[in-house]
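*Asks:* A structural model of the following input is requested.
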Amino acid sequence: MLLELRVENYAVIDQVTVEFGPGLNLLTGETGAGKSILIDALGLLMGEKASLEVVRSGAEKALISCVFDLKSRLIDRILDENGLENASETLILKREIAAKSRVWVNNQPATVQVLKQLAPELVAIHAQNETVLAFDPPARLKLLDVFAAINLDAIAKKYTVWRELRLRIEELQRSEQDRLRLVDLWSFQKQEIDAARLQEGEDLRLETERRVLMNSEKLYSAAMNAYDLLYESSHSALSSLRAAGRQMEELARFDAQFVESLKLLESARADIEDISTTARDYADGIDASPERLAQVEDRLAAIDRLKRKYGSNVEEIMAFGQDLAQKLAEIENREEILHGLRKQLAAAADDYLAEAQSISRTRAAAARKLEKLVEAEINELAMKARFQVQVAISEDEPNWSPTGLDSVAYLIATNPGEPLNPIEKIASGGELSRVMLALKASVESGKTRSNGNGKPKRAVSQRTLVFDEIDTGIGGRAAEAVGKKLKLLGAHNQVLCVTHLPQIASFADHHLVIEKRESGGRTRTTIRQLDAKERTEEIARMLSGAKLTDASLKHAEQMLKANA
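*Replies:* Here you go, the predicted model:
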């Protein structure tokens, strides 16, 4: 359950904190006050794309945070997989929108991708004016899969195995002319790489050697000067350390506190000897030969030519050569390899089809259940309609996909005697709003049904359901029916709803009003929860406009009493 939403410097909102409760939370207010903006802010915490344009004018950043009261094994797993701790019963999400945006989960740095992973377990947002018109074929399929609780991971993997095998076979079955052309190209490329006799890290070693050769005089002079100053000259560091050592020995004879100092001095002498020997040996090993420099330059030039063709470093070039060798071996043993791949492809196809057919059966059964639920929901929303979920299966290979073999259509007849047609062809905005609510109510939280003894029987999702102005195009009896449906959903779920209709607002368990005011030359948005008297006045305002009348107040009181 969403406990709190805090928004700072977002659009017209300066700073607001909203507390939500269980059941049906209704948000009302004048047009433009920021009701939908609040829902948009919650969407950003669910991982939706952000833009700097949402930052309030004059502010450097927008900050949005929320608190959920929940405990879920799946959420714990998501947090654990992303290296995040979750030691409490609450989940805190925070997102900063700025030139460099940031995300926190339980006050730990996270990513937008983590928010996207958490979102399906937390909130289902049904945006303003959303209709099934926006359902493309994948979305229609996904809606049914959510209802049926179908996990597509297994079939997606089996599809990938089948597809990769098919692509390998197609590559080996190219036309003879293409095959010979590829063999010639690959053979030339492999011969060129093999002829270079590359060694891992060779380019890096040669670059270092070239720098040494190009600066050999400077390096020789520096090494020998260091050797002279440390070891060889009469005033070398080692000579000074020897003289100091003799004096330290004298001190240590009479005072034991200098014994340790003498040991440190002797250790320093040994280190100086090692360093000076290293410098001398380095100088002796410098090859100032112009011939060697030319050899190194030529070798690096040859490697650079290969890099331009086959990889950014020697290791990538060598890996490319190994890949060429494998491809050539496959072509040389083409028939034998094809025979083996065809056997694997047949097995992979059978494996995929078995999984896909099982999913198709599950979808078909779920479609029958869903259409009954949705039709009942629609008819409870002041519509007399027939509804059908049509699942079409095609086992032809061109139709195979990571989601299976099925396509889904949602059909409806909104008047008696009319044929069933795709929902996309419905013309009425009010009908679309109610059909969308019926679909979402059925899929998101199930339908409260009688189990034969009058007690409710249901299996629901515990996500917070958010509806942003789903009352588009309806009023009167239909609006009252929508309000009752939202109230029913709120009995077992937390529901947040933005509405302009008093009929719907009168069903609220918690009624919040969003107001926009001018202060100090700036527009500021505030949100507050209404008490009983304020709620009556707000619904009266929604009934009659800005000017309250005795009739509108009385009507509001009657509505609240009837829908309590």
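
*Asks:* Tell me the secondary structure at the spatially most central residue of the chain.
*Replies:* Nearest to the mean C-alpha position of the chain, by CA atoms, centre = their mean, lies residue 113 at 2.6 Å. Three-state call for residue 113 (DSSP: H, G, I helix; E, B strand; the rest coil): helix.

*Asks:* Next secondary structure element downstream of the longest helix along the chain?
*Replies:* Across the chain, the longest stretch assigned as helix under DSSP state H is helix 334-379. Sequence order places strand 386-393 as the next helix or strand after helix 334-379, per DSSP states H and E.

*Asks:* Can you tell me the strand partners of whichever helix or strand comes after that following strand and which way each runs?
*Replies:* For strand 386-393, the following helix or strand on the C-terminal side (DSSP H and E) is strand 406-413. Strand 406-413 has the following sheet partners, assigned by DSSP bridges: strand 386-393 (antiparallel), strand 421-422 (antiparallel).

*Asks:* Would you mind listing the buried residues in the first one?
*Replies:* Okay, so that is strand 386-393. Residues of strand 386-393 classed as buried: 386-389, 391, 393 (neighbour count, 16 or more other CB atoms under 10 Å). C-betas here are computed from N, CA, C, even on glycine.

*Asks:* could you pull out the strands for the stretch 451-564 of the chain?
*Replies:* All strands of the stretch 451-564 of the chain, identified by DSSP state E, counting those that start in this stretch, fall at 456-457, 464-468, 495-498, 510-519, 522-529.

*Asks:* Turn those strands into JSON lines, columns for mean neighbour count and mean pLDDT.
*Replies:* Putting the strands of the stretch 451-564 of the chain into JSON lines (neighbours: other CB atoms under 10 Å; pLDDT from 0 to 100) gives the following:
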{"stretch": "strand 456-457", "mean neighbour count": "12", "mean pLDDT": "38"}
{"stretch": "strand 464-468", "mean neighbour count": "23", "mean pLDDT": "85"}
{"stretch": "strand 495-498", "mean neighbour count": "26", "mean pLDDT": "90"}
{"stretch": "strand 510-519", "mean neighbour count": "17", "mean pLDDT": "85"}
{"stretch": "strand 522-529", "mean neighbour count": "17", "mean pLDDT": "83"}
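
*Asks:* Point out the one among these that comes closest to residue 153.
*Replies:* Distance to residue 153, taken as CB to CB, is lowest for strand 464-468 among the strands of the stretch 451-564 of the chain, at 25.6 Å.

*Asks:* now for that closest one, which elements pack on it?
*Replies:* Packing partners of strand 464-468 (3 or more CB pairs under 8 Å, 6 or more residues apart in numbering; DSSP states H and E): helix 35-45, strand 123-126, helix 429-445, strand 495-498.

*Asks:* Please repeat the previous calculation with a cut-off of 6 Å.
*Replies:* strand 123-126, strand 495-498 (3 or more CB pairs under 6 Å, 6 or more residues apart in numbering; DSSP states H and E).

*Asks:* and the angle from that strand to helix 429-445?
*Replies:* Strand 464-468 and helix 429-445 are oriented at 170 degrees to each other (axes from the mean of the first three to the mean of the last three CA atoms, to 10 degrees).

*Asks:* next one: strand 464-468 to chain centre, how far?
*Replies:* 21 Å (CA atoms, centre = their mean, to the nearest Å).

*Asks:* Using CSV, list the CA coordinates for it.
*Replies:* Taking C-alpha atoms only, strand 464-468 is exported to CSV below (Å, rounded to 0.1, in the frame of the first residue of the first chain):
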residue,chain,number,x,y,z
THR,A,464,-2.0,0.0,-5.7
LEU,A,465,-4.4,0.7,-8.6
VAL,A,466,-4.3,4.2,-10.0
PHE,A,467,-7.0,5.6,-12.3
ASP,A,468,-6.5,9.0,-13.8
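
*Asks:* if I read this right, residue 102 contacts residue 95, doesn't it?
*Replies:* No: here residue 102 does not reach residue 95: they are 7.5 Å apart, not a contact under CB atoms under 6 Å.

*Asks:* more crowded one of the two?
*Replies:* Each of residue 102 and residue 95 has its neighbours counted (other CB atoms under 10 Å); residue 95 has more, 24 against 15.

*Asks:* Flag the shaky bits of the stretch 351-500 of the chain, pLDDT-wise.
*Replies:* For the stretch 351-500 of the chain, applying pLDDT under 70 flags the ranges 424, 426-430, 433, 444-462, 472-473.

*Asks:* Recalculate using a threshold of 50.
*Replies:* For the stretch 351-500 of the chain, applying pLDDT under 50 flags the ranges 427, 446-461.

*Asks:* Ok, the stretch 1-150 of the chain next?
*Replies:* In the stretch 1-150 of the chain (pLDDT under 50), the answer is 128, 132-133.

*Asks:* Including distance to residue 335, could the strands of the stretch 451-564 of the chain go into a markdown table?
*Replies:* Shown next, in a markdown table, are the strands of the stretch 451-564 of the chain (distance: least, CB to CB, whole Å):
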| stretch | distance to residue 335 |
| --- | --- |
| strand 456-457 | 62 |
| strand 464-468 | 60 |
| strand 495-498 | 64 |
| strand 510-519 | 73 |
| strand 522-529 | 73 |
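
*Asks:* nearest to residue 86, of those?
*Replies:* Across the strands of the stretch 451-564 of the chain (criterion: CB to CB), the nearest stretch is strand 464-468, sitting at 18.1 Å.

*Asks:* Output the helices and strands packed on strand 464-468 as TSV; include the columns distance to residue 280.
*Replies:* TSV is the format used below for the helices and strands packed on strand 464-468 (distance: least, CB to CB, whole Å):
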stretch	distance to residue 280
strand 123-126	72
strand 495-498	79
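
*Asks:* quick revisit: which one of the strands paired with strand 406-413 lies nearest to residue 498?
*Replies:* Per CB to CB, nearest to residue 498 of those: strand 386-393, 26.1 Å.

*Asks:* need the helices for the stretch 451-564 of the chain, in chain order.
*Replies:* 476-490, 502-505, 532-544, 550-562 (DSSP state H, counting those that start in this stretch).

*Asks:* got the angle between the first one and helix 550-562?
*Replies:* What that stands for is helix 476-490. Using the same axes, to 10 degrees: helix 476-490 against helix 550-562 is 40 degrees.

*Asks:* got the buried residues for helix 476-490?
*Replies:* For helix 476-490, by 16+ other CB under 10 Å, it's 478-490.

*Asks:* can you give me the offset of that helix from its chain's centre?
*Replies:* That offset, for helix 476-490, works out to 34 Å (CA atoms, centre = their mean).

*Asks:* packing partners for that helix?
*Replies:* Short answer (3+ CB pairs under 6 Å, 6+ apart): helix 476-490 packs on strand 24-29, strand 495-498, helix 502-505.

*Asks:* Any chance of a markdown table for these, columns distance to residue 119?
*Replies:* Shown next, in a markdown table, are these (distance: least, CB to CB, whole Å):
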| stretch | distance to residue 119 |
| --- | --- |
| strand 24-29 | 19 |
| strand 495-498 | 15 |
| helix 502-505 | 26 |
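
*Asks:* Nearest to residue 528, out of the ones you listed?
*Replies:* strand 24-29 (10.4 Å).

*Asks:* in that closest one, what counts as buried?
*Replies:* Under 16+ other CB under 10 Å, the buried positions of strand 24-29 are 24-29.

*Asks:* That one - which strands sit beside it in the sheet, and in what orientation?
*Replies:* Under the rule (DSSP bridges), strand 24-29 has strand 495-498 (parallel), strand 510-519 (parallel) as partners.

*Asks:* now what about stretch 237-253, what contacts it?
*Replies:* 230-231, 258-259, 262, 265, 269, 272 (CB atoms under 6 Å, 6 or more residues apart in numbering).

*Asks:* Buried subset of those as a PyMOL selection?
*Replies:* To isolate the buried ones among the contacts of stretch 237-253 in PyMOL, judged by 16+ other CB under 10 Å, type:
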select buried, resi 230+231+258+262+265+269+272
